[in-house]
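S.K.: take this sequence and fold it.
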Amino acid sequence: MLFIKNLIVGILISIATIAAAQEKMSFFELSDSFSKPRFWTTVGTSAALYTGTVIGLNEIWYKGFERSAFHPFNDWKEWKNMDKAGHSFTAYFQTSFSFDVMRWTGVERRDALWVAMGLGTLFQGTIEILDGYSEKWGFSIYDIGFNTGGILLFAGQELAWKDQRFVLKVSNRFPSYSSESILSNTGNSTSSPAIRAEDLFGKAISTRFIKDYNGQTIWLSMNPASFIKPETRFPNWLNIAIGYGAENLYGGYSNSWSKDGEIFTLPNQNFERANQLFLSFDIDLKRIKTKNPFVRFLLKGLNVFKIPSPTLSVTQGKGLKFHALYW
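M.R.: Okay, the predicted model is just below:
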């Protein structure tokens with residue numbers, strides 16, 4: 001999904017650059033008034049890419065599974081709710097990006113916000129509808145709730161402050177997995193945590209970044225300087241971040257799985273599924289001052305990622321740990 005989003009952004013930028021050039025303004029500068037070339041280029045490109053993405057998802061992701069009548073699906077506590085945190089992050093990111101694009105075209109702030117909220121709901125809601133018709137999954141009211149939470153986090157701050165003082169970010173530390181062999185229930189086959197992780201999360205860094213919940217952390221990054229007086233000289237770019245993660249997840253609900261007719265189970269004493277909380281420093285890249293429009297654009301794009309920093313973690317059943325540098 002992240003690859004598709006990056007593709008959409010890349011194509012949108014390429015086409016919109018043409019429109020911007022026609023107006024003889026820098027692509028990376030906001031339009032100081034409503035720009036029809038930018039607006040209609042954005043609308044047309046977004047509509048085409050949305051349609052293509054839905055068709056692509058159906059062909060690549062859903063077509064290989066049995067279809068069913070539309071049905072609900074209770075996936076609460078699946079993956080220790082790491083997927084729910086991811087839904088909030090994705091919805092927040094999509095709403096934020098849509099708002100920035102609308103502002104780039106010269107649309108007024110309030111109108112840009114309503115459009116962004118609508119697009120965030122549409123993008124995430126489409127996936128839930130497709131899930132609802134899939135035998136393997138189903139329509140999750142919890143996913144909808146966390147999607148809405150991410151959208152409202154952005155919208156509420158825009159309405160209250162015209163500023164994002166709380167930002168959702170993501171990181172993934174790409175954990176290594178044990179190659180120690182484990183026997184199946186019949187004793188006729190062997191597997192390992194590394195093989196299971198590869199089957200679940202893939203090999204490529206891009207897929208592991210998205211799918212590997214054992215290394216992924218979703219962060220709520222807060223900017224203290226936004227809440228205190230300027231004369232205190234607290235660094236405007238310095239944030240404090242609270243993260244949520246999990247470890248030893250080798251399945252949605254348990255560390256037992258079936259492969260080639262054999263059942264494998266990881267021992268709880270070595271692979272206990274656990275929640276994690278983190279406290280860390282962060283940098284709000286969009287608050288770093290620069291006069292260069294391209295650098296400003298680049299920093300804002302990179303701001304979806306948590307900056308590696310000294311971190312305290314609390315893992316369920318293991319207690320407190322200090323990390324000199326955690327990603």
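S.K.: which residue lies nearest the spatial centre of the chain?
M.R.: Thr90 (3.9 Å; CA atoms, centre = their mean).
S.K.: my guess is that one meets Gly150, correct?
M.R.: Yes: here Thr90 reaches Gly150: they are 6.9 Å apart, a contact under CB atoms under 8 Å. No exception for glycine: its C-beta is placed from N, CA and C like everyone else's.
S.K.: before we move on, back to that, helices or strands next to the helix or strand containing the residue nearest to the centre of the chain in the packing?
M.R.: Element membership for Thr90, per DSSP states H and E: helix 82-104. Judged by 3 or more CB pairs under 8 Å, 6 or more residues apart in numbering; DSSP states H and E, the packing partners of helix 82-104 are helix 2-22, helix 36-57, helix 109-132, helix 141-161, strand 166-172, strand 216-222, strand 238-247.
S.K.: now for these, which one comes closest to Thr207?
M.R.: helix 2-22 (8.5 Å; CB to CB).
S.K.: any idea which of the helices and strands packed on helix 82-104 scores lowest on pLDDT?
M.R.: Ranked by mean pLDDT, these end with helix 2-22 at the bottom, a mean of 46.
S.K.: any chance of the helices and strands packed on helix 82-104 in CSV, plus distance to Val295 and mean neighbour count?
M.R.: Below are those laid out as CSV (distance: least, CB to CB, whole Å; neighbours: other CB atoms under 10 Å):
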stretch, distance to Val295, mean neighbour count
helix 2-22, 16, 15
helix 36-57, 21, 15
helix 109-132, 23, 17
helix 141-161, 23, 18
strand 166-172, 19, 22
strand 216-222, 20, 23
strand 238-247, 19, 20
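S.K.: okay if I get those as JSON lines plus distance to Met102?
M.R.: Listed next are these as JSON lines, based on distance: least, CB to CB, whole Å:
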{"stretch": "helix 2-22", "distance to Met102": "12"}
{"stretch": "helix 36-57", "distance to Met102": "8"}
{"stretch": "helix 109-132", "distance to Met102": "4"}
{"stretch": "helix 141-161", "distance to Met102": "12"}
{"stretch": "strand 166-172", "distance to Met102": "19"}
{"stretch": "strand 216-222", "distance to Met102": "23"}
{"stretch": "strand 238-247", "distance to Met102": "25"}
